[in-house]
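*Asks:* I would like the atomic coordinates for the input below:
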Amino acid sequence: MRYRLAWLPLLLLLAASAHAGDAYEPVYIALIIDDLGERLDLDRRVSDLPVAVTCAVLPFTPHGREMAERCHRQGKEVMLHMPMEADNGANPGPGALTVDMHRDQVEAALAAALADLPHVRGVNNHMGSRFTRDQQRMSWTMQALARHGGLYFIDSRTSHQTVAAYQAALHGIPQASRHIFLDHDIEPHLIERQFRSLLLHAFRHGHAIGIGHPYPETLALLERVLPRLAQINVHVVPVSELLARTRPEERSPQLWEASLSPSPTAAKSSKP
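*Replies:* Residues are numbered from 1 along each chain as shown. So this is what the prediction gives:
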């Protein structure tokens, strides 16, 4: 098999062989692009990507509904990128879930956000480093999500203390956790390094979940490398397909640790 990706280091090729014993064995990546709905020019580049990235759209944004429709037409899975309260006081945007909400308010906010966007197959958190640590409110959120039926949840892991995946599993919702943020730092060489880390995780475990954003720097890399991944038998698939291919403990190895004694240290590669 020939590898023509000059940007891919020898380490990844060795990792692929070590994982597979045969470099042709396929691996699978779910690549979620967050924060769609604000910038139509950049968002359209996401929907035009040549592989099945998953489009996470913010509710109540100027172009959210349009982008959900466009992504769906382009054969890409649509997620609700649900705003949730952050530790640092940053504004998560309209319709956010906050820790001062009562149960009926949480349920109403989630229902309104889901109603705002068409074609939603799942949900992940936008920000949420404070809200996703709250056992009670995450339980309410997942119970409300379960009543909508057929939706999955992806924990963006904006805090090491998150209980989101744990509560999703507890309430029977298909779930997984993000492995790599591509663009916490938007320096092009750092985005490329994170993308390599995503591939390395996939080669080691057979699958990986990455999250990126519609930044020009991120899109430039994705437009360049995504069409070439098939050369090394890496397949970008919708989140729902990755969930169907993997077991819960493979997707979220920290699942049951979330309710025990998580480290208070925030993840380096995370947003609030």
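*Asks:* Was I right to think residue 93 contacts residue 125?
*Replies:* No. Counting by Cβ atoms under 8 Å, residue 93 does not reach residue 125; the two are 12.0 Å apart. Glycine gets a C-beta too; all of them are placed from N, C-alpha and C.
*Asks:* Which one's more surrounded, these two?
*Replies:* Ranked by neighbour count (other Cβ atoms under 10 Å), residue 93 and residue 125 place residue 125 first, with 31 against 19.
*Asks:* Which other helices and strands does whichever strand or helix holds that one contact?
*Replies:* Taking DSSP states H and E as the criterion, residue 125 maps to strand 120-127. Here strand 120-127 touches strand 27-36, strand 78-84, strand 152-155, helix 239-245, going by 3 or more Cβ pairs under 8 Å, 6 or more residues apart in numbering; DSSP states H and E.
*Asks:* C-alpha coordinates for the first one, CSV please?
*Replies:* Okay, so that is strand 27-36. Output in CSV follows, covering the C-alpha atoms of strand 27-36 (Å, rounded to 0.1, in the frame of the first residue of the first chain):
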residue,chain,number,x,y,z
VAL,A,27,-10.7,2.7,11.1
TYR,A,28,-13.5,5.1,11.6
ILE,A,29,-13.7,8.7,12.7
ALA,A,30,-16.7,10.8,13.6
LEU,A,31,-15.7,14.4,13.0
ILE,A,32,-18.1,16.9,14.5
ILE,A,33,-18.0,20.6,13.4
ASP,A,34,-19.5,22.8,16.1
ASP,A,35,-20.9,26.3,16.2
LEU,A,36,-22.7,26.3,12.9
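*Asks:* how many degrees apart are that strand and strand 78-84 in direction?
*Replies:* 60 degrees (axes from the mean of the first three to the mean of the last three Cα atoms, to 10 degrees).
*Asks:* Between strand 120-127 and strand 27-36, find me the angle.
*Replies:* 70 degrees.
*Asks:* Does anything pack onto the helix or strand just after strand 27-36? Which helices or strands?
*Replies:* Helices and strands here follow DSSP H and E; after strand 27-36, the next one along the chain is helix 40-47. Based on contacts counted as 3+ Cβ pairs under 8 Å, 6+ apart, the elements that helix 40-47 packs against are strand 27-36, helix 64-73, helix 216-225.
*Asks:* Include distance to residue 200, mean pLDDT and mean neighbour count when you put the ones you listed into TSV, please.
*Replies:* TSV is the format used below for the helices and strands packed on helix 40-47 (distance: least, Cβ to Cβ, whole Å; pLDDT from 0 to 100; neighbours: other Cβ atoms under 10 Å):
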stretch	distance to residue 200	mean pLDDT	mean neighbour count
strand 27-36	10	98	25
helix 64-73	28	98	20
helix 216-225	14	97	17
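*Asks:* Buried residues in the lengthiest helix in the chain, which are they?
*Replies:* Determined from DSSP state H, the single longest helix within the chain is helix 188-205. In terms of neighbour count (16 or more other Cβ atoms under 10 Å), helix 188-205 has its buried residues at 191-192, 194-203, 205.
*Asks:* Relative to the helix or strand just after it, what are the paired strands and their orientations?
*Replies:* Next in sequence after helix 188-205, counting helices and strands by DSSP H and E, comes strand 207-212. Strands that pair with strand 207-212, judged by DSSP bridges, come out as strand 27-36 (parallel), strand 180-181 (parallel).
*Asks:* Measure how the first one sits relative to helix 188-205, angle-wise.
*Replies:* For the pair strand 27-36 and helix 188-205, the angle between their directions (the same axes, to 10 degrees) equals 140 degrees.
*Asks:* Please state the offset of strand 27-36 from the chain centre?
*Replies:* 6 Å (Cα atoms, centre = their mean, to the nearest Å).
*Asks:* for the last one, same thing?
*Replies:* Taking Cα atoms, centre = their mean, one finds strand 180-181 lying 8 Å from the centre of the chain it belongs to.
*Asks:* low-scoring stretches of the protein, by residue?
*Replies:* Filtered on pLDDT under 70, the chain yields the residue ranges 1-24, 249-272.
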